[in-house]
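Novice: here is the input, now give the coordinates:
(one chain, ligands or ions: 3)
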Amino acid sequence: MSTIIKHIQINLQGLIQGVGFRPFIYRLARQYQQNGWIANSESGVVIELEGEAVKQQDLISAMHKQLPPYAVIKSIKVKNLPISGYRGFSLKSSITGPNKSSFVLPDIATCQACVSELFDTDSRFYRYPFISCCHCGPRYSLMTAQPYDRSRTSMASFALCPSCLNEYRDPDNRRFHAQTLACEDCGPQLQLLDDQGALIAELDQALNLAVRALRQGKIVALKGIGGYQLLVDANNASAVAELRMRKNRAQKPFAIMMSSVDAAEHYCVISEQERQSLTSAAAPIVLLQRRHTSDAFESIAPGIALLGVMLPYSPLHHLLLNDFGGPVIASSGNRHHEPICINQTQALNQLQGIADCFLTHDREILRPLDDSIVRMIGSKITVMRRARGYVPEPAAMKQTMPDGVALGGHLKHTLAISRGNQVIISQHLGDMESLAAREQFQSTLKDMLDFFQVQPEQVMYDSHPGYYSSQYAAAMAIPAVPVQHHYAHILACMAEQGLRPPLLGIAWDGSGYGTEDELWGGEFLLIHDQGFERVAHFRSFCLPGGAKAIQEPRRAALGALYELLGESVFKLKHNPCLNAFSSHELKILQTAIQKRLNMPLTSSVGRCFDAVASLSGLCQINCYEGEAAMRLETAAGAVDSDLCYPFTLSGGQPRVIDWHLMLTAILHDYSSGQQALIPIKFHNTLAEIALAIAREVQQDHVVISGGCFQNACLVTLLQQRLEVNGFKLFQQQRIPPNDGGLALGQLVAAQYLKRS
Ligand code: ZN
Ligand code: ZN
Ligand code: FE
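Specialist: Numbers count the residues shown, from 1 in each chain. Ligands and ions are numbered 1, 2, ... in the order given. Got it, this is the predicted structure:
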């Protein structure tokens, strides 16, 4: 039998740049005796093989079976070419071309092999805080452009020493063509600076002194992968209190970094899925259920049953945790409402008065990537804050889209761009309250358009006229299309789950622009091919003080009570909401309500959560966004009950969900000493309401989105009720259900709205 020689070209797309894919193919080519070459291209990876046809097939199946960790092949195309007589197999420099659908790798947590070397006294990388290999290390945070090559990263300024060069050139080495390769002789170095920026120590001594500072209860700012973090000893209550005071953060939970899953298991219950998340390449903060037996860390997440835990994800974190020997708080290195710092100048400016010292280095961070947050919601791991480790992994769309950009909302802000059949969503950018945050929004927009080479033909934005992003859209010199907030929420979930209309969307959140005189947030939307119909919503009530009511659950409660009782609300006795105001404050509010001054109406379920948290005595003033809802969820989780409150559906189209009976019953439960039951009964009632509307609308597919669905208790109850009754519930997982998902929904809206 004669052997058949063939020349084939393989085009691959997927997460295959920056994961050691080219060296991997190089080794396979030698193993299967193929000549040719491999190169990164802007659309993925191109391989040409010339050799025995049978062995080419063997190579391709071996490629699929033995993929390097973190590599994902999303598509493969093979074509035949005429024989060209290659000799040997080579790694070509990258091909640049017009194609635009590459996958850029997110930053990858340090791999096990590198961690072993880090603590191996015989390794030349022993205790080197910037060890990495083909399979791990920073990626998106240090790339200046595509495709991924050292010359286009912030490692370009570090020339490889002879030892590193040997490894870089050795096809049998784990660091063959590792673009972030560096060692103590040639790579970035650590420095410790005092609070004024003066050099205290370098190299290992810098690390030693930083660890000593932590032991002394000091606050250490550490330059990590996607920005600075503020670290303190998690077991030192006064150090934690000091950080709270200096960061102006009275109650908001802190994330905690622990050395291992085993260490975390001591304090938290960890499911298999949560374990996988913790140890994944993305290494996010995972919100874990705290063990009832453990009172430790109460001051880290006051009143909340969850603890945000992450594992060390860079060699520097591994060294620090190892030397320190205990868990540390790892909070974002920023000032309240300001973006996370990524360079020394920003850090010294912004974190002055917060950090006692700065553990920093000379490898540049090119874009801010905060730690991501995930949580188990309704048996699925759901991303709640999407940044380091996930961005810029694209969302694949079923259809090709024009080049476009979406500017998102206002809180938990993200942007998104579309090109071809991909949507790329920016990292979490935080709230757009401060000037610095708005500048970051502009620089991120520019960065994304440049990096992914997108020239948008149109811009999508939230229909709220007051949002900064909406005003910015109007000023861009391209067609601007507004998208209703809750419609965008539902479309984001549909896009992620690959769903088409018609279906029922349930969008519950804090608030979003509805009409000129009403904020929405308790919406049932029938989604069809040309947009949506608002088929049902919660009965609206007024929010005394407008924006102030978002911070003060007692105001939402007062607004709801006023809707129920009118003027007699001010005569209520022994009511936790009324008791939370001084008589002077109540007098002012009474006049304001009578005159309807600064008294917007809302149908928001988020504000219902606030009202119920106030009326059950759990939270009167939010110290951070969502506190009341989180406390209510925690309290609901502590009680096992199927009891519900009564509610009625009124109106024709749209249907109005009337909560008057529920509110009366809640007042009764409180006054009769049954307040512990209120949170779970409220959650059960919301699930019953969703079911009642789903039954009326009669769409098999029900999609949920919006900030309220970050509540695992609520999602689980809804899921049980709907699925038992034959509905299929869809929730987001990879893109946050909160306003971080709006930009994706807005881009998708372009497809539906243009037809109307
Ligand atoms: Zn590695
Ligand atoms: Zn070196
Ligand atoms: Fe929202």
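Novice: show me what contacts the residue of the stretch 401-550 of the chain found nearest ligand 1?
Specialist: Proximity of the stretch 401-550 of the chain to ligand 1 (C-beta to the ion) peaks at residue 427, 23.0 Å away. All C-beta spots, glycine's among them, are computed from the backbone N, C-alpha and C. Shown in contact with residue 427 (C-beta atoms under 8 Å, 6 or more residues apart in numbering): 226, 367, 368, 369, 370, 386, 387, 388, 391, 414, 444.
Novice: closest one to ligand 3 out of those residues, please.
Specialist: Ligand 3 has its nearest neighbour among the contacts of residue 427 in residue 414, at 12.2 Å by C-beta to the ion.
Novice: need the residues of the stretch 101-250 of the chain near ligand 2, please.
Specialist: Counting by C-beta under 5 Å from the ion, the positions of the stretch 101-250 of the chain adjacent to ligand 2 are 161, 164, 183, 185, 186.
Novice: biggest separation within the residues you listed, which pair?
Specialist: Farthest-apart pair in those is 164 and 185; separation 7.7 Å (C-beta to C-beta).
Novice: low-confidence ranges, this structure, go.
Specialist: Scanning the chain for pLDDT under 70 picks out the ranges 1, 96-102, 293-294, 754-756.
Novice: quick check: the residue of it nearest ligand 3.
Specialist: Across the chain, the shortest distance to ligand 3 (C-beta to the ion) belongs to residue 509, at 3.6 Å.
Novice: tell me the secondary structure for that residue?
Specialist: Secondary structure for residue 509, judged by DSSP: H, G, I helix; E, B strand; the rest coil, is strand.
Novice: so it makes contact with residue 550?
Specialist: No. Look at residue 509 against residue 550 with C-beta atoms under 8 Å: they stay out of range, at 11.6 Å.
Novice: ok, the two, which is more surrounded?
Specialist: residue 509 (27 against 22; other C-beta atoms under 10 Å).
Novice: now do the contacts for the more buried one.
Specialist: With C-beta under 8 Å, 6+ apart, residue 509 has these contacts: 485, 486, 489, 521, 604, 605, 606, 706, 707, 708, 738, 739.
Novice: run a quick neighbour tally on the closest residue to it other than its chain neighbours.
Specialist: Nearest non-adjacent residue to residue 509, counting by C-beta to C-beta, 6 or more residues apart in numbering: residue 706, 3.5 Å away. Residue 706 has 32 neighbouring residues, counting by other C-beta under 10 Å.
Novice: how close does the residue of the chain closest to ligand 3 get to residue 214?
Specialist: 39 Å (C-beta to C-beta, to the nearest Å).
Novice: same question, residue 262
Specialist: Taking C-beta to C-beta, one finds residue 262 at 21 Å from residue 214.
Novice: between those two, which one's more packed in?
Specialist: The neighbour count for residue 262 versus residue 214, taken as other C-beta under 10 Å, is higher for residue 214 (27 against 9).
Novice: so the more buried one, which state does it fall into?
Specialist: What three-state DSSP gives for residue 214 is helix.
Novice: can you get me a residue count around the closest residue to ligand 1 within the stretch 301-450 of the chain?
Specialist: Distance from ligand 1 to each residue of the stretch 301-450 of the chain (C-beta to the ion) is smallest for residue 315, at 9.1 Å. Residue 315: 23 surrounding residues under other C-beta under 10 Å.
Novice: list the contacts for it?
Specialist: 110, 114, 115, 118, 128, 129, 130, 131, 132.
Novice: and which of the residues you listed is nearest to residue 665?
Specialist: residue 110 (53.8 Å).
Novice: list the contacts for that closest one?
Specialist: Each residue near residue 110 by C-beta under 8 Å, 6+ apart is listed here: 118, 131, 132, 136, 137, 312, 313, 314, 315, 318.
Novice: same thing but 7 Å
Specialist: Going by C-beta atoms under 7 Å, 6 or more residues apart in numbering, residue 110 touches 136, 313, 314, 315, 318.
Novice: mind checking which of the contacts of residue 427 are in helices?
Specialist: Mapping those onto helices (DSSP state H) picks out residue 444.
Novice: mind listing the strands for the stretch 651-756 of the chain?
Specialist: Listed in chain order, the strands of the stretch 651-756 of the chain (DSSP state E, counting those that start in this stretch) span 655-658, 701-705, 728-730.
Novice: deepest in the core, which of those is it.
Specialist: The highest average neighbour count among these, using mean count of other C-beta atoms under 10 Å, belongs to strand 701-705 at a mean of 25.
Novice: contacts for it, please.
Specialist: Outside strand 701-705, the residues within contact range by C-beta under 7 Å, 6+ apart are 489-490, 492-494, 499, 503-507, 694, 718, 722, 727-732, 737, 741.
Novice: buried among those residues? Make that a PyMOL selection.
Specialist: Of those, the buried ones can be selected in PyMOL as follows, counting by 16 or more other C-beta atoms under 10 Å:
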select buried, resi 489+490+492+493+494+499+503+504+505+506+507+694+718+722+727+729+730+731+732+737+741
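Novice: residues of the protein that sit close to ligand 2?
Specialist: With C-beta under 5 Å from the ion as the criterion, the chain comes near ligand 2 at residues 161, 164, 183, 185, 186.
Novice: backbone dihedrals for the last one, both of them.
Specialist: Meaning residue 186. phi -130, psi -10 (degrees, to the nearest 10).
Novice: and it, how many neighbours?
Specialist: 15.
Novice: next one: the first one
Specialist: Applying other C-beta under 10 Å, we find 15 other residues in the vicinity of residue 161.
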